[in-house]
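Participant: Give me a model of this one.
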Amino acid sequence: MKFPRSSSLFSAAVLGLLTLSTSHAVTFGGLNVTPRGPQNLNLETGVTELPQGGTATDSKGGLNLVGAAMTLNPGKTLTARDATLTTKQGGTLRAAQIIYDLKSSTATATGGVTYNDARFKNLSAPRVLLNVRSGFVTGLGGVRADVPALSGAALVFDLSTMQAVMTGPYTARQGPLNASADASGRLLMVFGGNRVVSSSTSPDAATLGRFTPYLK
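Facilitator: Numbering: from 1, shown residues only. Presented below is the predicted three-dimensional model:
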């Protein structure tokens, strides 16, 4: 039996691609995704492209991710380009690309990354990770910020306790805080409101132990 060439189903079968014009929200790995425009579904891989982007929200984790374009890989990842992610604690993460791993509930930002909240202003790093479950934010590959004025090899910030650990070589300055160290150094900063209220250049092992897993 021959199928008519004009059939959209025939075309989809040949190309392996099905385009849906609906912009209704869809559930994707616990996220609620609202496309801005069409959805291009690859019938062979199950991957859905949102060429005009959209918004992904996680009401439980308090995550809101907006991208100019998105790729949904079932059971694995959501990739957003020219993306902005906001957290329930008031943090804003912007990057050329943010990949949200569905299994680990971790968002990884790369490309012109900046992070801002009530404590950090213009924090940047080659790679920034947000663990949605634990509320830890990690900057890796060299981190800088305007407020507090700091630079270091890496920085981990706990959004629930308002504590941060920076690894050396580092420098950090804000009010009475004026610290620096070589590559072996570790700096613990404790925030109150939008400022560092205490710090330690020799944090105890138990405190460091909470942050170490996020430096890998």
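
Participant: CA atoms for contacts and neighbours, from now on please.
Facilitator: Noted.

Participant: State the mean pLDDT of stretch 201-208.
Facilitator: Taken as a whole, stretch 201-208 has a mean pLDDT of 94.

Participant: Would you mind listing the buried residues in it?
Facilitator: Buried positions in stretch 201-208, judged by neighbour count with 16 or more other CA atoms under 10 Å: residue 208.

Participant: mind checking the end-to-end distance for that stretch?
Facilitator: Terminal residues of stretch 201-208 lie 11 Å apart, using CA to CA, to the nearest Å.

Participant: three-state assignment of the most centrally placed residue in the chain?
Facilitator: Of all residues in the chain, the one closest to the mean position by CA atoms, centre = their mean is residue 107, 3.4 Å from it. What DSSP: H, G, I helix; E, B strand; the rest coil gives for residue 107 is strand.

Participant: Against residue 97, how distant is it?
Facilitator: Per CA to CA, residue 107 is found 10 Å from residue 97.

Participant: I'd say the residue nearest to the centre of the chain and residue 101 touch.
Facilitator: Yes. Residue 107 lies in contact with residue 101 (CA atoms under 8 Å); the separation is 6.3 Å.

Participant: what about residue 64, how many neighbours?
Facilitator: 19 (other CA atoms under 10 Å).

Participant: which residues does residue 191 contact?
Facilitator: 119, 162-163, 197-198 (CA atoms under 8 Å, 6 or more residues apart in numbering).

Participant: Just give the number of residues close to the nearest residue to residue 56 once chain neighbours are set aside.
Facilitator: Excluding its sequence neighbours, the residue lying closest to residue 56 (CA to CA, 6 or more residues apart in numbering) is residue 33, at 4.3 Å. By other CA under 10 Å, 25 other residues sit near residue 33.

Participant: Quick check, residue 98 in contact with residue 71.
Facilitator: No. Residue 98 is beyond contact range of residue 71, at 10.7 Å (criterion: CA under 8 Å).

Participant: anything in contact with each of those two?
Facilitator: What both residue 98 and residue 71 touch, as defined by CA under 8 Å, 6+ apart, is the set 79-80.

Participant: Could you check which of the two has the larger neighbour count?
Facilitator: Neighbours per residue, other CA under 10 Å: of residue 98 and residue 71, the larger number sits with residue 98, 30 against 21.

Participant: List the contacts of that one.
Facilitator: Residue 98 neighbours (CA under 8 Å, 6+ apart): 79-81, 83, 107-110.

Participant: Give the burial count for the nearest residue to residue 34 once chain neighbours are set aside, as a bare number.
Facilitator: Of all residues not flanking residue 34 in the chain, residue 25 sits nearest, at 4.1 Å (CA to CA, 6+ apart). By other CA under 10 Å, 15 other residues sit near residue 25.

Participant: Residue numbering should commence at 16 henceforth.
Facilitator: Okay, residue one is now 16; in that scheme the one you just asked about reads as residue 40.

Participant: pLDDT value on residue 40, please?
Facilitator: pLDDT recorded at residue 40 is 76.

Participant: Kindly confirm my reading that the residue nearest to residue 71 is in a helix.
Facilitator: No. Residue 48 is assigned strand when assessed by three-state DSSP, not a helix.

Participant: Quick check: bridge partners of it?
Facilitator: Beta bridges link residue 48 to residue 41, residue 71, judged by DSSP bridges.
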